[in-house]
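# Output the structure for:
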Amino acid sequence: MAETIISLRHVTKRFGEGAAAFQALRGVDLDVARGDFVAVMGPSGSGKSTTMNILGCLDVPTSGEFLFKGVHVENLDRDQRSLIRRRYLGFVFQGFNLLARTTALENVELPLLYRGEDRNTRRKLGMAALDKVGLADWAGHTSSELSGGQQQRVAIARAIVTHPDVLLADEPTGNLDSERSVEIMELLTDLNRTSGITVLMVTHEIEMARYAHTIIRFKDGLVDRA
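Take a look at the predicted model:
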């Protein structure tokens, strides 16, 4: 049986106080096995994005437990959560979030720069990540010289350059046409299979969710067990 890398136990999240309070999560229980590919689905306001923010150590639960590799993240301070993000997590967003006037390689190197790696190490690891997503020949091109699909591949290379344990992808195909979407999903599937990266992906598209091994649906601030 695969090791559990992420566990949520009775996780709640409340925004605001008093009469204006909104209960975004109402007691989420969730286990993610190391090496799984999980698609997270649900309507707007169902709690999936709030849950992903907690899993990405960008927010903390109001109550409940969040264990990452056995560590109680809900008890960590902001700096400790930031360390988890830098060392163990990679992020891919719908909007690519690339720096416009810098090359593909420089964009991919950015997380390594934050970690204090020297220039030679950044270049070596950055080129290896670009090669893994099939863009080594485009390393010197800026974002404006890349197609949408290529930009998302650069964003994925940036996310995996630090060799994360978990890749969190928020609507990674949301800005792409059908053909490019399939390319990105095949890439994520290959990374999951060959590199052992655990993938959690938010999507509204069932066609994209079918690439995952596990589909989790949220409804009204809970995991829908129906």
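# which stretches of this protein aren't confidently modelled?
Residue ranges of the chain with pLDDT under 70: 1, 226.
# Centroid-nearest residue for it?
The residue lying closest to the centre of the chain (CA atoms, centre = their mean) is residue 168, at 1.1 Å.
# Report the strands that pair with the host helix or strand of it, each with its relative direction.
Using DSSP states H and E, residue 168 sits within strand 166-170. Under the criterion DSSP bridges, strand 166-170 sits next to strand 89-93 (parallel), strand 198-202 (parallel) in its sheet.
# after it comes which helix or strand?
helix 178-195.
# who's in contact with the closest residue in space to residue 98 that isn't next to it in sequence?
Excluding the flanking residues, the one nearest residue 98 by CB to CB, 6 or more residues apart in numbering is residue 143, at 4.5 Å. Placement of C-beta: from N, CA and C, glycine included. With contacts defined as CB atoms under 8 Å, 6 or more residues apart in numbering, residue 143 is in contact with 96, 98-100, 102, 104, 107, 151, 154.
# Quick one: buried ones out of the residues you listed?
Buried by 16 or more other CB atoms under 10 Å: 96, 98, 104, 107, 151, 154, out of those.
# looking at this, the fourth one is in a helix?
Yes. Residue state for residue 107 (DSSP: H, G, I helix; E, B strand; the rest coil) corresponds to a helix.
# any idea how far it is from residue 81?
Using CB to CB, to the nearest Å, residue 107 is found at 24 Å from residue 81.
# so what's the nearest residue to residue 4 once chain neighbours are set aside up against?
Leaving aside its sequence neighbours, residue 4 sits nearest to residue 31 (CB to CB, 6+ apart; 5.2 Å). Shown in contact with residue 31 (CB under 8 Å, 6+ apart): 4, 6-8.
# Who is residue 31 paired with across the strands?
Bridge pairing for residue 31 - DSSP bridges - gives residue 7.
# ok, it to residue 188 distance?
21 Å.
# Which stretches in this protein count as helices?
48-55, 78-88, 104-114, 119-132, 148-160, 178-195, 206-209 (DSSP state H).
# most tightly surrounded among those helices?
helix 148-160 (a mean of 24; mean count of other CB atoms under 10 Å).
# Point out the other helices and strands that that helix packs with.
Contact analysis of helix 148-160 by 3 or more CB pairs under 8 Å, 6 or more residues apart in numbering; DSSP states H and E lists strand 89-93, helix 104-114, helix 119-132, helix 178-195 as its packing neighbours.
# Provide the contact partners of it at residue level.
Under CB under 8 Å, 6+ apart, the answer for helix 148-160 is 90-93, 96-98, 104, 107-108, 110-111, 126, 129-130, 132-135, 138, 143, 146, 167, 172-173, 175-177, 179-180, 183-184, 187-188, 191, 195, 197.
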